[in-house]
Structures are given as structure tokens and as C-alpha cells.
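In: Pasting the sequence and the predicted model now:
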Amino acid sequence: MSTTTPLTAVKPGEQRTDTWSELLGRVGKIQDQKAFKQLFDHFAPLIKGFCLNNTNQSFGNDAAEEIVQEVMLKVWQKAPSYDPSKAAASTWIYTVMRNARIDMMRRNKRHQTDNSPIEVDDLWDEDSTTGPVVQFQRLRDEEVVQASFKILPNEQRQALTEVYMKGKSHSEVANETGLPLGTVKSRVRMGLQKLQAHIAGTAHAKVQA
Amino acid sequence: MNHLASSQSTSSNASAQQAPINHHPDANMLVEYASGSLSWGLSIAVSAHLQLCQHCQQQHAKLSALGGSYLSDTPKEAVNDDAFSRLLDSIDKVSNPAQHKAAAHKAAPQNEQAIMHTMANAKKAGIKAEHLPRVVKKLLPPQLRWQKISNALKSARLITGQGEHEVAFHKISKGGKVVEHDHRGLEVTLVLEGSFSDEEGIYCPGDFLIKEPGQIHRPTASQNQDCLCLSVCEAPVKVTGLLGAFINPFLSIKPA
């Protein structure tokens, strides 16, 4: 899949996503500490920024630092199961972070979780995917997704941002913005549809090329 | 269904013997699951569906990629100076080889035992556990307590560590009709074994149904096999007044 126009926007002085995936792969295969340090220097401030931006949970500076520690420890521990052909490092680390956030929130309501037979990693299980064809397809789609959500109209992008970045459910977004729940849901859906159209278009263009 | 992209995979490798899955979580529910804001109870149903449905696995992968791109675009916040050295200390602690070995040694046989135990129990309870999604296998208690709701329907509650939703197995006996009923809150049903139909269609293993309050339906199991479902219902709002005491805690059954 060689195209002349890069699908992911690479700002000057910044490394491509592939570099991070390669580094994460090395951490997994040979416990490469240097590669891990590079990943840490890049992703730790992103994870902290993500947590501090998350207005749905009031993360103070200390809590955000703790999440960084927890996520990067998990990254080190789980790296052997990372498969660069399945997901970009940023996506994989996002899922590790998402799980750590859910876990932290659940620990705060401990009385309920004490007798749970399942844990966060049982419910958000990234290893359950199947089939090599699917995996190949997945990586290609992923690059396109990352590039194309930037073309969305404002209100749709905002709705998706509230949901992802701020960790809110649709009904929370509706409550806070005063918009009807149906409007929030349709903005999210339409945003995703636009992405779908864009992805399909890009895939088609690639086949033609 | 508004999914992110058209599925090009024509069930190439896996489970070709199974009927295709036609009913999926909607895009909104998948987004909430992928971004981690979906409630624990509903996430169980979505997770179990994903473990059966390649199509939704791919959708979920794309939604996670979207999350990844949000992470990459986040304004950076500098971490404390000692953050990396603290992390290395933690790594040293957890990767102490002796500890690691001991932990692995301890974990492995326990896991196998637990799985054997689960299978045996499920068999006793009349469930062919091999086909169940992993997350559902994990939820199987040592002893399933079936409660008869009507002639055709029984249910067994599952402990899931949350109080917002009631998570349970429902079993409709072959050919059995469930009394027409309404839903007091959102109800999600995932078919695990057998099949059932209602006014709107037929549902086979892997199918994922969402019923909103006010949607009345009357499920009927197929003739050849009992139908086992995982159901997740919004826990009933505390009903005030005398009437509350008489309402069945699992389903609000309308006398037909």
C-alpha cells in the first residue's frame, strides 16, 4: 500500500505514527528500555494532557500523574502481546489508557466491585480479534480514520470530541449542552457516517491508483 | 445500521457453520463502549457480542483508532521530573523474576481448574458452555439458580459487580411463548443458544436486540431447541406505592 500522498498528517519535526509502533514492537519483543524511554517521553505527556482535559472526571494533577504511571506500566507489561499489524501504537496505548481510567473509576466505588467475577480487561479485551485478512484491513482503515476525522463539520466533530476526549456518555452531553438526546446521538452518528463515506472514498481511490 | 464502513470480510475463516448475525449494537452504543462511558452492565452485553461478531470487532477497532487519534492530538502536559524513574522502580518490582515465576505458577493451574469447574457447572445447568463468549463464561457462577417466571420462561441472575443493571440468563423452552411484555427501562438481549422470534424478526446466536421502554413484544422460541439469552435491563426505578411490591423484579409482565 504505497501512496504518494501521506495519509497521516506529519508535522515538521514530529515522527510518524509508524515509528511509535515500531518502538512499541521492540519493547514487546526484546524489552528494549531505550525504545521504552522514547515512547514514554512522547506518550506520557499526551496521557497526562488527555486526563487533565477530561472534564467528566475531576482529575487533579496527582491523579493524572498516577494514571500516567499505571498506563505506562501496563504498556511495558502488555507490550509482548502488541501486534503492529493489528493497531497503531497510539490506538493500542489509547485502549490501555481507556481501561485504566475505567478501572480507576470502578475502584472509587469499591463496595460494588468487590464481588465482581470480571475485570476491566475481560470486558475490553483487545486480544479477541480474529483473522489475518481482517487485521490487514484494520491497519489501513486506521490510518484513514485518523486522517479523516479532521474533515468533519464542527458540530459533529464537537459531539465526537465530547464523547471521546471528555469521556461523556450521550446523555451526559445532552444534559450539559441542553441539546435533546436525539440530537446528540444523531450528530455522533452522522459524524461517523461522514467518516465512513470518506474512508470508502479513500479506499476506492487507492484501488484505482 | 449506521456502521463506520462496509464490511468486506465474507466470513472467510471463522465459524462458517453459524447463521449470519443480523442485529448489532447501534453506532452510538459502540462509540460509548469504545470511549469507555457505557455502563458496566451494557458493556458486558456489547463485549459478549463483539466476541461473536467479526463485523462489530472491526467497527470497534476503527472507533478505537479514532480514540488513538484524539490521544495523539491532545495538547501535551509535562509530567513530573521523576516520573520515568518512578516507573522503572515499579517495573523492577513487578518483573522480579522470582515473583513472576511464582505468580505464573500460581495462576495457570488455577485458571484451568476454574474453567473445568465452570464447564461442569454450566453442563449441570443445561448450558453448552463451549460456545459461550469468554466474558459470559467468566460470569457463570458455581451454581446457577433458575427462577421460573412463566411456563415457557425462566431466568437466573448473574453477579456482575454493579447495581445499575440486572444482568441475567433468560431461557425460553423450545416452542415456548413469552407473555407479551413491556420494558420499563432499556433492555438488551443477546442470543446465545437456539433462536427466538417476535413480531419484527427472528434472532439467532450473536444477535443483539435493544428494546426501549414502551416497545412491547412477544418472543417465541423456535421449535427445535431451547433458547438461551443474556439480558441486561436497566434496574427498575424504585416503584413507590403498594403496586411496587407486586411487580416481578425481572420483567414487568402484562397479563395477556
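Out: Received the coordinates, thanks.
In: Could you use CA atoms for every contact and neighbour count after this?
Out: Noted.
In: where does the stretch 51-200 of chain B dip in pLDDT?
Out: Applying pLDDT under 70 to the stretch 51-200 of chain B flags residues B:96-113, B:115, B:183.
In: Quick one: the strands in it, in order.
Out: Assigned by DSSP state E, counting those that start in this stretch, the strands in the stretch 51-200 of chain B fall at B:147-148, B:153-157, B:165-172, B:187-193, B:196-198.
In: The second one to strand B:165-172, inter-axis angle?
Out: Between the axis of strand B:153-157 and that of strand B:165-172 there is an angle of 150 degrees, by axes from the mean of the first three to the mean of the last three C-alpha atoms, to 10 degrees.
In: Can you tell me the centre-most residue of chain B?
Out: Centroid-nearest residue in chain B, with C-alpha atoms, centre = their mean: residue B:45, separated by 2.1 Å.
In: any idea how far that residue is from residue B:165?
Out: 11 Å (C-alpha to C-alpha, to the nearest Å).
In: what is in contact with these two at once?
Out: Contact criterion C-alpha atoms under 8 Å, 6 or more residues apart in numbering or on different chains; residues shared by residue B:45 and residue B:165: residue B:232.
In: According to the record, where do the domains of chain A fall?
Out: A:1-131, A:141-209 (automatic domain parsing).
In: out of the ones you listed, nearest to residue B:55?
Out: Between residue B:55 and those, the tightest spacing by C-alpha to C-alpha is seen for domain A:1-131, at 10.5 Å.
In: roughly how far is that closest one from the heart of the chain?
Out: Domain A:1-131 sits 8 Å away from the centroid of its parent chain (C-alpha atoms, centre = their mean, to the nearest Å).
In: Packing partners of the host helix or strand of residue A:78?
Out: Per DSSP states H and E, residue A:78 falls inside helix A:61-78. Where contact means 3 or more C-alpha pairs under 8 Å, 6 or more residues apart in numbering or on different chains; DSSP states H and E, helix A:61-78 is packed against helix A:17-30, helix A:33-53, helix A:89-108, helix B:83-94.
In: before we move on, back to that, quick one: which of the strands of the stretch 51-200 of chain B is nearest residue A:194?
Out: Using C-alpha to C-alpha, those put strand B:187-193 closest to residue A:194, at 27.4 Å.
In: Tabulate the CA atom coordinates of the closest one in PDB.
Out: Below are the C-alpha coordinates for strand B:187-193, written out as PDB (Å, rounded to 0.1, in the frame of the first residue of the first chain):
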ATOM      1  CA  GLU B 187     -33.400  -3.900  27.800                       C
ATOM      2  CA  VAL B 188     -30.700  -5.500  25.800                       C
ATOM      3  CA  THR B 189     -30.900  -9.200  24.800                       C
ATOM      4  CA  LEU B 190     -28.000 -11.200  23.300                       C
ATOM      5  CA  VAL B 191     -29.000 -14.600  21.900                       C
ATOM      6  CA  LEU B 192     -26.500 -17.300  23.000                       C
ATOM      7  CA  GLU B 193     -28.100 -20.600  22.000                       C
END
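In: Check whether it comes near chain A.
Out: No. Legend: contact between strand B:187-193 and chain A by C-alpha under 8 Å from any C-alpha of the partner chain is lacking; minimum distance shown is 15.2 Å.
In: Tell me which strands that strand pairs with, and in which orientation.
Out: When pairs are called by DSSP bridges, strand B:187-193 turns out to pair with strand B:208-211 (antiparallel), strand B:227-234 (antiparallel).
In: And for whatever residue of the stretch 101-250 of chain B ends up closest to chain A, the neighbour number?
Out: At 4.2 Å from chain A, residue B:161 is the closest residue in the stretch 101-250 of chain B, using C-alpha to the nearest C-alpha. Residue B:161: 20 surrounding residues under other C-alpha atoms under 10 Å in any protein chain shown.
In: With residue B:45 as the reference, measure out to it.
Out: From residue B:161 to residue B:45 the distance is 14 Å (C-alpha to C-alpha).
In: Apart from its chain neighbours, what residue comes closest to residue B:169?
Out: Nearest residue to residue B:169, sequence neighbours excluded (C-alpha to C-alpha, 6 or more residues apart in numbering or on different chains): residue B:230, at 4.7 Å.
In: my bad, should have said residue B:216
Out: residue B:182 (4.5 Å).
In: Look at the one you found and say how many residues are nearby.
Out: Neighbours around residue B:182, by other C-alpha under 10 Å: 19.
In: Hmm, residue B:219 and it touching each other?
Out: No. The criterion here is C-alpha atoms under 8 Å, and residue B:182 misses it with residue B:219 at 11.6 Å.
In: coming back round to it: what are the buried residues along the helix holding residue A:78?
Out: Buried residues in helix A:61-78, defined by neighbour count with 16 or more other C-alpha atoms under 10 Å in any protein chain shown: A:61, A:64-65, A:67-77.
In: so for it, what's the average pLDDT?
Out: Across helix A:61-78, pLDDT averages out at 93.
In: neighbours around the closest residue in space to residue B:145 that isn't next to it in sequence, how many?
Out: Excluding the flanking residues, the one nearest residue B:145 by C-alpha to C-alpha, 6+ apart is residue B:156, at 5.4 Å. Neighbours of residue B:156 under the rule other C-alpha under 10 Å: 18.
In: Show the contacting residues for residue B:156.
Out: Residue B:156 neighbours (C-alpha under 8 Å, 6+ apart): B:144-147, B:168-170.
In: how about 10 Å then?
Out: B:143-148, B:167-171, B:230, B:250 (C-alpha atoms under 10 Å, 6 or more residues apart in numbering or on different chains).
In: ok, now residue B:169?
Out: B:136, B:140, B:144, B:146, B:154-158, B:189-192, B:228-232.
In: and if we set it to 7 Å?
Out: By C-alpha atoms under 7 Å, 6 or more residues apart in numbering or on different chains, the contact list for residue B:169 reads B:155-157, B:228-231.
In: Excluding residues flanking it in the chain, which one is nearest the spatially most central residue of chain A?
Out: Nearest to the geometric centre of chain A sits residue A:94, at 3.5 Å (C-alpha atoms, centre = their mean). Nearest residue to residue A:94, sequence neighbours excluded (C-alpha to C-alpha, 6+ apart): residue B:68, at 5.2 Å.
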